[in-house]
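In: Generate a structure from the sequence data that follows.
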Amino acid sequence: MLMAMEQPPVSAASARRPDERGSSLVEFALVVTLLFTLLLGVVVFGILLSKRQVLTQAVAEGARAAVPYQYTVATTSKATNPAKVQVNKSLQAMSRVCDDGSTHCTFVVYPCAGSLSDAPTGAGDCLQVSVRLDVNGSKALVPNVTFLSAFLPSTMSSTFTSTLANPT
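Out: Have a look, this model is predicted:
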């Protein structure tokens, strides 16, 4: 009785046709490119989310900083100036300050029961602090990645309102 000799297993590389050589390298390059793009997108959006948190915190701290200051209807700057100082301190983490060309800040004192266009009454007034940052430009918040920039917002903004103490 003749024993059948087993053939050694054929490797995947040697089983390929000659015109398929290098196809795994092309597939690897396509997959790695896609995965790298996704990873880069996650990193950029993570940085943007971190900057958004700094912006939100800066606006809230600025609005709260003005609460204890006494002001008059004619001198609302006694309330808005401390708010601006605090916002600028908080924005230093992003190398930004109010009204530097890429950062726009507004500080509005108005009656809490009224609208922003109403003049302050001197009692029960609110302070609204708003900050808008340009994401791209001379002071970009995130690295400039051309294919991801289409998905990024051009500006970020945050607003916070606090009730001011009664003036003297």
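In: so Pro82 sits in a helix?
Out: Yes - using DSSP: H, G, I helix; E, B strand; the rest coil, the assignment for Pro82 is a helix.
In: so how far is Ala165 from it?
Out: 12 Å (CB to CB, to the nearest Å). Yep, even glycine has a C-beta here, placed from its N, CA and C like the rest.
In: Who has more neighbours out of these two?
Out: A count of neighbours by other CB atoms under 10 Å puts Pro82 above the other of Pro82 and Ala165, at 20 against 14.
In: Would you check how far apart the more buried one and Cys98 are?
Out: Pro82 is 13 Å from Cys98, by CB to CB.
In: same deal with Leu30?
Out: 47 Å.
In: With neighbour numbers in mind, choose between these two.
Out: The residue with more neighbours, out of Leu30 and Cys98, is Cys98; 19 against 10, by other CB under 10 Å.
In: Contact partners for the more buried one?
Out: Lys84, Val87, Asn88, Leu91, His104, Cys105, Val131 (CB atoms under 8 Å, 6 or more residues apart in numbering).
In: Can you give me the neighbour number for the residue nearest to the third one when sequence neighbours are not counted?
Out: Once flanking residues are discounted, Asn88 sits nearest to Val97: 4.7 Å by CB to CB, 6 or more residues apart in numbering. Neighbourhood size, Val97 [other CB under 10 Å]: 16.
In: correct me, but Val97 touches Thr103?
Out: Yes - because the distance of 6.5 Å satisfies CB atoms under 8 Å, Val97 is recorded as touching Thr103.
In: surely Leu127 meets Thr106?
Out: No - in this structure Leu127 lies outside contact range of Thr106 using CB under 8 Å: 10.6 Å.
In: These two - which one has more neighbours?
Out: Higher neighbour count among Leu127 and Thr106: Leu127, with 28 against 14, using other CB under 10 Å.
In: Can you tell me the element the spatially closest residue to Phe151 that is not a sequence neighbour falls in?
Out: Nearest non-adjacent residue to Phe151, counting by CB to CB, 6+ apart: Gly41, 7.5 Å away. Following DSSP states H and E, one finds Gly41 within helix 23-65.
In: Show me what that helix is packed up against.
Out: Where contact means 3 or more CB pairs under 8 Å, 6 or more residues apart in numbering; DSSP states H and E, helix 23-65 is packed against helix 77-91, strand 125-134, strand 155-163.
In: Tell me which of these sits most buried.
Out: Sort these by mean neighbour count, taking mean count of other CB atoms under 10 Å, and strand 125-134 sits at the top with a mean of 22.
In: Tell me the pLDDT of Leu7.
Out: Careful, residue 7 is Gln and not Leu. We have a pLDDT of 68 for Gln7.
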